[in-house]
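[1] need coordinates for the below:
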Amino acid sequence: MTDDALLDDRERDVLRWRCRRGLVENDLFIEQFFARHGASLTQGQAHSLAALMDLSDNDLLDLLLRRKEPTGDLASTAVVQLLELMRRPPAAASLG
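    Residues are numbered from 1 along each chain as shown. Next up is the predicted model:
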């Protein structure tokens, strides 16, 4: 499989389960991310997300809230790009 190959439904479900966290704040970021990008997740993004999930809850929250930036192995372009997608606020609802 290539990094740009899409995840199938089963792979996405397993990844989503693995992303469950102890801090509700992290879960909110993650659920929002899956709602917006879950259907288009690639193998490469899944690998980056798994690397982020290896962090403690507090370290992950620091990254999501921009208190810290990734360092070491997490400072890869792929992880930084994924983190930016996770940090992005939802689009504002249109006022009609």
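[2] who are the neighbours in contact with residue 19?
    30, 34, 49, 53 (Cβ atoms under 8 Å, 6 or more residues apart in numbering). (Glycine included, C-beta is placed from N, CA and C.)
[3] what of residue 76?
    By Cβ under 8 Å, 6+ apart, the residues touching residue 76 are 48, 70.
[4] please apply the same query to residue 74.
    When contacts are counted by Cβ under 8 Å, 6+ apart, residue 74 touches 51, 52, 55.
[5] how far does stretch 80-92 sit from its chain's centre?
    Relative to its chain's centre, stretch 80-92 lies at 8 Å (Cα atoms, centre = their mean, to the nearest Å).
[6] which parts of that stretch are buried?
    Using 16 or more other Cβ atoms under 10 Å as the test for burial, stretch 80-92 gives 82, 83, 86.
[7] which ones among these are found in strands?
    For the buried residues of stretch 80-92, not one is inside strands, with DSSP state E as the criterion.
[8] any idea which of the residues you listed is closest to residue 20?
    Residue 20 has its nearest neighbour among the buried residues of stretch 80-92 in residue 86, at 14.9 Å by Cβ to Cβ.
[9] any idea how far the closest one lies from residue 14?
    Here the criterion is Cβ to Cβ, to the nearest Å. By it, residue 86 lies 18 Å from residue 14.
[10] same question, residue 26
    Where residue 14 is concerned, residue 26 sits at a distance of 18 Å (Cβ to Cβ).
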